[in-house]
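> here is the input, now give the coordinates:
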Amino acid sequence: MNVNQNVTYPVDFRAGRPGRRKNKIASPDPRSPVDERCRRLIPRIARLMALAIRFDGLLREGTIQDYAELARLGHVTRARMTQIMKLLDLAPDLQEEILFLPPVKGLTERRLRLLVTRLDWREQRRLFQQMVEE
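Sure thing, here's the model as predicted:
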């Protein structure tokens, strides 16, 4: 009885961070028209807002323990996770507007950090309107 068997595995030898690599065989084609169209239709800030809301739900349910665990699972720093979660400090109506807002040039998470520091929701709304109208 012969116990020698050949097994073949695809291996990617490119340099880079291991957490960022995708298996080329299992990953969908990033150039597919459907995937590209979805990326263009949903602004990045809307995706980040949805993530913040989803992460908050996971934290409240107890599925995830804290921001550090979220950061580890998402392969980002704890500081970046805190930045994303700070979007929840926006007025609820602004959060909803961001989720359904068409792409607005210049409306980024970085620019929204200014609004998040304001405690007064009326002030947040006023500043947000200025950003959207620019």
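> quick one: distance of the top helix by length along the chain to the chain centre.
What stands out as the longest helix in the chain, according to DSSP state H, is helix 44-61. Distance, stretch centre to chain centre, for helix 44-61: 8 Å (Cα atoms, centre = their mean, to the nearest Å).
> distance check, E123 against T117.
Separation of E123 from T117 (Cβ to Cβ, to the nearest Å) stands at 10 Å. Quick note: C-beta positions are derived from backbone N, CA and C, even for glycine.
> compare neighbour counts for those two and give me the winner.
E123 (13 against 10; other Cβ atoms under 10 Å).
> just say helix, strand or coil for K105.
Assigned state for K105: coil (three-state reduction, DSSP: H, G, I helix; E, B strand; the rest coil).
> now for it, how many residues are close by?
There are 7 residues near K105, going by other Cβ under 10 Å.
> for the chain, what spans make up the helices?
Counting by DSSP H, the helices of the chain are 33-41, 44-61, 67-74, 78-85, 92-100, 109-116, 121-133.
> now tabulate the ones you listed in JSON lines and tack on mean pLDDT.
Output for the helices of the chain, formatted as JSON lines (pLDDT from 0 to 100):
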{"stretch": "helix 33-41", "mean pLDDT": "59"}
{"stretch": "helix 44-61", "mean pLDDT": "95"}
{"stretch": "helix 67-74", "mean pLDDT": "93"}
{"stretch": "helix 78-85", "mean pLDDT": "95"}
{"stretch": "helix 92-100", "mean pLDDT": "95"}
{"stretch": "helix 109-116", "mean pLDDT": "92"}
{"stretch": "helix 121-133", "mean pLDDT": "93"}
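> list the contacts of the residue positioned nearest the centre of the chain.
Centroid-nearest residue in the chain, with Cα atoms, centre = their mean: L48, separated by 4.1 Å. For L48, the contact set (Cβ atoms under 8 Å, 6 or more residues apart in numbering) comprises I84, L87, E109.
> tell me how far it lies from R126.
Taking Cβ to Cβ as the measure, L48 falls 22 Å from R126.
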